[in-house]
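Trainee: coordinates for the following, if possible.
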Amino acid sequence: MTTHDNLPAPVEGMVLTHFITVRDVATSRDFYADVFGGEVVLEENPAIVKIAGSWIIMNPGGGPTPDKPGITLTAPEPGDPVSSFLNVRVADIAAFYAHAVGKGAEFLTEPIDRKAELRCYLRDPDGYLIEIGQATGMLHGVYADRQAHAD
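Mentor: Below you'll find the model as predicted:
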């Protein structure tokens, strides 16, 4: 049963949620609940999973609506460029990585030491990119090397 305390509905101020357009609500909902230990707050219309004091909201795509004229929502297609991604910070990346792999998550690489942090990426069932990171060097003033920019 849904309770007000579990919904992203603040009594005052605001909360920040993340909405993603998905192909299969049940598959995506289960992925976020299982891999990230989230609590399913609503099954669908939209699906809402509460994770670490925030919420992922999921619904299928669709065309424009009166409140978003000219906007069509679609899940990413393979090969689409990435313009944003979910950034998840964990206390123990090795433990999270082992847990997530055990739940069927497929990472692009194992965690890599980037001086400031340990970091790896995975994709959700719709292909959304998710960064998993653990602060290491940055806690002691050590940061990653700057990347050279093409002119």
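Trainee: quick one: the strands in the chain?
Mentor: Counting by DSSP state E, the chain has strands at residues 17-22, 39-42, 47-51, 54-60, 86-89, 112-113, 117-123, 129-135.
Trainee: could you give the bridge partners of the residue nearest the centre of the chain?
Mentor: The chain has residue 86 as the residue nearest its centroid, 4.0 Å off, counting by Cα atoms, centre = their mean. Per DSSP bridges, the residues bridged to residue 86 are residue 130.
Trainee: quick check, it in contact with residue 128.
Mentor: Yes: using Cβ atoms under 8 Å as the test, residue 86 is close enough to residue 128 to be in contact (6.8 Å). The way it works is simple: take the backbone N, C-alpha and C, and place the C-beta from them, glycine included.
Trainee: so what's the residue nearest to the centre of the chain up against?
Mentor: By Cβ atoms under 8 Å, 6 or more residues apart in numbering, the contact set of residue 86 is 18, 128-131.
Trainee: could you do residue 75 as well?
Mentor: For residue 75, the contacting residues are 20-23, 61, 126-128, by Cβ under 8 Å, 6+ apart.
Trainee: mind checking how far it is from residue 25?
Mentor: Distance from residue 75 to residue 25, counting by Cβ to Cβ, to the nearest Å: 11 Å.
Trainee: try residue 136
Mentor: Residue 136 is 36 Å from residue 25, by Cβ to Cβ.
Trainee: state the pLDDT value of residue 151.
Mentor: For residue 151, the model assigns a pLDDT of 55.
Trainee: now swap in residue 144 and tell me
Mentor: pLDDT at residue 144 comes out at 84.
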